[in-house]
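Asks: heads up, no residue letters with this:
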C-alpha cells in the first residue's frame, strides 16, 4: 500500500478504473507520485493476468518511477516502464522481421553522422549534387543546406498521419536517398523508431492486438510534448477497441514546438477517445513566491493548495557576462555557507541549478564555477564524446563489432588511424571485422591502435553471458603505460564512464540475452547514462524540463535572449517563449534568482547592449 497521503483529486486518478482519462497536472502537483501510485494499485489490487505499460519522455523520469516501485518485489515484473522510443525499439527488436528488420537496430544518434550519410548519398545523385555544389559557393552554405534537408526529413517522418511534405518531389527524393544511405550501413535514426513501429502496428494489426492483451493499462507522462508520430504509434497500438489509457500532461508547459510537439494531441486524444478529464491544481513543491511568479507569467495558472513557505526571489544585474557570472557564484557561496531558512538542512551544490534560454549564456558561469572549484555539470546528451582518442577508437570498434555493414564508422576509424581501407578486404561478418581491425592496427604500428584491438580481443562469451568489463579494464591498464599524465587521466576517466554504462546495461531488463549490438542501441537511447550528478546543474531551459531544485538561477534575462530574438515576429513562437519562462520559474522549489548583464558578447562576436526581458516586468522585478 502507498505510504503517501493523496489529495482527493490525486486519489481520483489513482482509483480511475476502465476507460480513457486525461489528467491536466500543473507543476508541483505530484503527477509522478500519482502515476506511480496508480500503477501500484493496478498491479496489486486489480484482478487479472495483465501488465501495465508506463511511457515517459526521459530516462530520468523512467528511472524515478522505477525507483518508487522498487518495493513491489516480484509483482514489479508486471510493470514495463520505458521511454516511448525505448518501447518502440523493444517492439522492433522482437517483431521487426515482419517489416524486413533483421536483428538489432543500430541507431545513428549523432547529427554529424546523419549529415555525413546525407552528404555522401547526395553527391551520388545528379540533382542533389548540383544543389550541394551551388551551396558550396556560399559561406557555410553546404552545412546549412544539409541541416535544412535533415530538418525536412525529420518533419516528413514525424507526420505519418497527415503525410506532411509527401507531395514535394524534391523532399521525397532527399528522404529516399538518405534512408537508402542509412540502410546501406545497416542503420536507422530516432525518427525511424516511431515511424517503423507505426508501420508495423498498422500493417499487422494482430501484433497491436497482442500488445493490448499483454498490457491491460497504459499510462503516458508529459503528454503535452507528444508529436504526431508519437500520437500515431499510440493510436495504432490501441486500434479501435483498447481504451484503458491515462494521459498526463500540462499544456502550460509545452515548449517543444520546434519538434512539432504540442498539447493539441492531448486535446485530440480527449476528443477521439471521449476521455474523462481530471485537473490537478495543487502545487506541493514550490514556495509562495515561486507560485506567484509563475502565475504572473500565466494568469490561467490556478492553485488550490500550495506550500506555506514564502521562499525568496531577487533580481541582480551585472555589467557584462563575467560580472553576471560572479554575481551568481557569490550568491551560491553565500547559500552554501549560511543556508536559508526556507531550505531545510542547509544547501549543497546538487540542490542548485543555473538555467539559460540558450547554452551560450551559461558559458561564463561555468568558467567561473570551475575557477572557484565549485562542482558543476552540464546535462549530458546521448552523444558519446570522449576526451581520449583511445576510448573513442574503442567505441568505434564496438560499433563495427556490432554491425559489420557500418561503413560510416569504419571510415571514421580509418581516418583516425591514418589507414587506407583500399588495402584491405571489407568484412562480411563479425569475424571479418576482427581480422580487419587487427590489420588496420598493424599498418602504422602505433601502441594506441594495438591497445584497442587487444582490448576487443578480451570480449568474453561465457556461460553467464557476454562480458565487456575485461576489455574496458584492459584500456585502463594501457593507460598506465602512457608517459603523459593527462593522457593517462583521460583514458582512465573515459574508461570509467564506459564501465559505468556497461554495468547499467547489465541491470536493464530489456534484453534477455545481452549483446554488443544491444549495448550500442541502449547507449544511443541514453538508457545507460547517469541521470543524476553531483554539483550545480548548468542547463538550458529545455533540458531542465521535468527536473526540480531548491535553488534556481535564471541567467540572461534580457530582450533577444529570453525571449529569443528569433521568435520576435512569430506570435506562436513568442507564446512558446513565455511558456519556457513559466517552465524555468517552476523548476524552483524554494529560492529563485534572476540575473542579466547590461552588455553581452553574442555567439557571433557582436557586443549587445541589453534591455531587460519583458518577463521581468510581468514578475514585478523591472
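Replies: Perfect, I can see it now. Computed from a prediction, not measured in an experiment: that's the story for all the values here.
Asks: residue ranges with poor pLDDT in the stretch 151-300 of the chain?
Replies: Scanning the stretch 151-300 of the chain for pLDDT under 70 picks out 255, 258.
Asks: same deal with the chain?
Replies: 1-4, 255, 258, 304-306, 379-384, 461-464, 509-512, 531-532.
Asks: secondary structure class for residue 91?
Replies: Three-state assignment for residue 91 (DSSP: H, G, I helix; E, B strand; the rest coil): helix.
Asks: and residue 558, how many residues sit next to it?
Replies: 25 (other CB atoms under 10 Å). The C-beta positions use only the backbone N, C-alpha and C, and glycine is treated the same way.
Asks: OK, contacts around it?
Replies: 596-597, 600, 610-613 (CB atoms under 8 Å, 6 or more residues apart in numbering).
Asks: Residue 585 - how many residues pack around it?
Replies: Neighbours of residue 585 using other CB under 10 Å come to 29.
Asks: Could you check how far it is from residue 548?
Replies: Distance check for residue 585 against residue 548: by CB to CB, to the nearest Å, it reads 12 Å.
Asks: Please apply the same query to residue 301.
Replies: Distance, residue 301 to residue 548, by CB to CB: 17 Å.
Asks: Compare these two and say which one has the larger neighbour count.
Replies: Counted by other CB under 10 Å, residue 301 and residue 548 do not tie: residue 301 has more neighbours, with 19 against 16.
Asks: Throw the contacts of residue 558 into TSV and include distance to residue 135, thanks.
Replies: Listed next are the contacts of residue 558 as TSV, based on distance: CB to CB, whole Å:
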residue	distance to residue 135
596	37
597	36
600	31
610	35
611	36
612	39
613	36
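Asks: Return the subset of these lying in strands.
Replies: If you go by DSSP state E, these have 596-597, 600 in strands.
Asks: wouldn't residue 302 be in contact with residue 281 here?
Replies: Yes - with contacts counted by CB atoms under 8 Å, residue 302 reaches residue 281, the gap being 5.6 Å.
Asks: Can you tell me the SS state at residue 22?
Replies: Per three-state DSSP, residue 22 ends up strand.
Asks: show me where the stretch 501-622 of the chain has strands.
Replies: All strands of the stretch 501-622 of the chain, identified by DSSP state E, counting those that start in this stretch, fall at 536-540, 549-555, 588-597, 599-601, 607-609.
Asks: what do you get for the stretch 1-150 of the chain?
Replies: Along the stretch 1-150 of the chain, counting by DSSP E, counting those that start in this stretch, strands occupy 21-25, 51-56, 79-83, 106-107.
Asks: quick one, strands of the stretch 351-500 of the chain?
Replies: Ranges of strands in the stretch 351-500 of the chain, per DSSP E, counting those that start in this stretch, are 352-356, 376-378, 460-462, 465-467.
Asks: Residue 217 is nearest to which of those?
Replies: Evaluated with CB to CB, these place strand 465-467 nearest to residue 217, the distance being 32.4 Å.
Asks: just how off-centre is the closest one within its chain?
Replies: The chain centre lies 28 Å from the centre of strand 465-467; the measure is CA atoms, centre = their mean, to the nearest Å.
Asks: strands paired with it, and their directions?
Replies: Neighbouring strands of strand 465-467 in its sheet, by DSSP bridges, are strand 460-462 (antiparallel).
Asks: distance of the residue nearest to residue 230 when sequence neighbours are not counted from residue 454?
Replies: Leaving aside its sequence neighbours, residue 230 sits nearest to residue 84 (CB to CB, 6 or more residues apart in numbering; 5.7 Å). With the distance defined as CB to CB, residue 84 ends up 40 Å from residue 454.
Asks: Need the winner for burial among the strands of the stretch 1-150 of the chain.
Replies: strand 21-25 (a mean of 25; mean count of other CB atoms under 10 Å).
Asks: ok, residue 16 to residue 72 distance?
Replies: 20 Å.
Asks: okay, the two: which has more neighbours?
Replies: Neighbours per residue, other CB under 10 Å: of residue 16 and residue 72, the larger number sits with residue 16, 19 against 15.
Asks: Let me see the contact set for that one.
Replies: So residue 16 contacts 38, 246, 276, 278 (CB under 8 Å, 6+ apart).
Asks: Can you verify my assumption that residue 260 contacts residue 159?
Replies: Yes - here residue 260 reaches residue 159: they are 7.3 Å apart, a contact under CB under 8 Å.
Asks: what do these two both touch?
Replies: Joint contacts of residue 260 and residue 159 (CB under 8 Å, 6+ apart) are residue 228.
Asks: The two - which one has more neighbours?
Replies: Neighbour comparison, residue 260 and residue 159: the larger count goes to residue 159, with 18 against 15 (by other CB under 10 Å).
Asks: Tell me how many other residues crowd residue 480.
Replies: Count around residue 480 with other CB under 10 Å applied: 9.
Asks: Could you tell me which residues make contact with it?
Replies: So residue 480 contacts residue 488 (CB under 8 Å, 6+ apart).
Asks: quick one, longest helix in the chain?
Replies: The longest helix of the chain (DSSP state H) is helix 485-507.
Asks: what comes into contact with it?
Replies: 386-388, 390-392, 394-395, 468-469, 472-473, 475-476, 478-480, 482, 514, 518-519, 522-523, 527-530.
Asks: Now that helix: buried residues?
Replies: Residues of helix 485-507 classed as buried: 487-488, 490-495, 497-499, 501-502, 504-506 (neighbour count, 16 or more other CB atoms under 10 Å).
Asks: check which helix or strand covers the residue lying closest to residue 295 once chain neighbours are set aside.
Replies: Nearest residue to residue 295 in three dimensions, chain neighbours excluded: residue 301, at 4.9 Å (CB to CB, 6+ apart). Under the criterion DSSP states H and E, no helix or strand holds residue 301.
Asks: any idea how far residue 472 is from residue 301?
Replies: Counting by CB to CB - residue 301 and residue 472 are separated by 48 Å.
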